[in-house]
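Q: sequence plus the predicted model coming up.
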Amino acid sequence: QVQLVESGGGLVQPGGSLRLSCAASGFFLDYYAIGWFRQAPGKEREGVSCISSSTSSTADSVKGRFTISRDNAKKTIYLQMNNLKPEDTAVYYCARSRNPSSCYYKVDWGSWGQGTQVTVSS
């Protein structure tokens, strides 16, 4: 059974940092693309970053501030978020590609976690 569990969200002041974690289980992590997404109130869901066995990518809106990484031994994908801004406030989700895939291609996302709230405010 595929399971994705996010953690690490919280309240942080502008300029602060958070590291989100996505614990994956029920599948072989190396075969799939894992993405981080976010959705702010009243806005559409936005892709933030993607990582697969051979590559990773990050949205221009967060490039230079957010870094995606993975620990295969722990089956966990991380999103390190630095220099956070109020506009980064959102629920952050991780997702797995429906089938084995790479971030090189347009990914069909098939499984989602429950999300973790990130609030950037003074």
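A: Alright, I've got the coordinates. These numbers were taken from a predicted model, which means no experiment stands behind them.
Q: show the contacting residues for the spatially most central residue of the chain.
A: Relative to the mean C-alpha position of the chain, the nearest C-alpha, by CA atoms, centre = their mean, is the one of Trp36, at 2.3 Å. If a contact means CB atoms under 8 Å, 6 or more residues apart in numbering, then Trp36 has 20, 22, 47-50, 68, 77, 79, 92-95 as its contacts. C-beta here means a position set from N, CA and C on the backbone, and glycine is covered the same way.
Q: any idea which of those has the most stuff around it?
A: Counting neighbours by other CB atoms under 10 Å, the top entry in the contacts of Trp36 is Cys94, with 30 neighbours.
Q: per-residue confidence at Gly15?
A: Looking at Gly15, its pLDDT stands at 98.
Q: what is the residue nearest to the centre of the chain paired to in the beta sheet?
A: Trp36 has the following beta-bridge partners by DSSP bridges: Ser49, Cys94.
Q: okay, it: pLDDT?
A: Reported pLDDT for Trp36: 98.
Q: distance of it relative to Cys103?
A: According to CB to CB, to the nearest Å, Trp36 stands 11 Å off from Cys103.
Q: can you give me the strands in the chain?
A: 3-7, 10-12, 18-25, 34-39, 46-51, 56-58, 66-71, 76-81, 90-97, 109-112, 116-120 (DSSP state E).
Q: quick check: buried residues in the last one?
A: To tie it back to what came earlier, the one meant is strand 116-120. For strand 116-120, a neighbour-count test (16 or more other CB atoms under 10 Å) marks 116, 118, 120 as buried.
Q: by mean pLDDT, flag the weakest helix or strand of the protein.
A: Here the helix or strand of the chain ranked lowest by mean pLDDT, DSSP states H and E is strand 56-58, holding a mean of 93.
Q: could you say what helices and strands that one packs with?
A: Packing partners of strand 56-58 (3 or more CB pairs under 8 Å, 6 or more residues apart in numbering; DSSP states H and E): strand 46-51, strand 66-71.
Q: buried stuff in the last one?
A: Within strand 66-71, the residues that count as buried by 16+ other CB under 10 Å are 66-68, 70.
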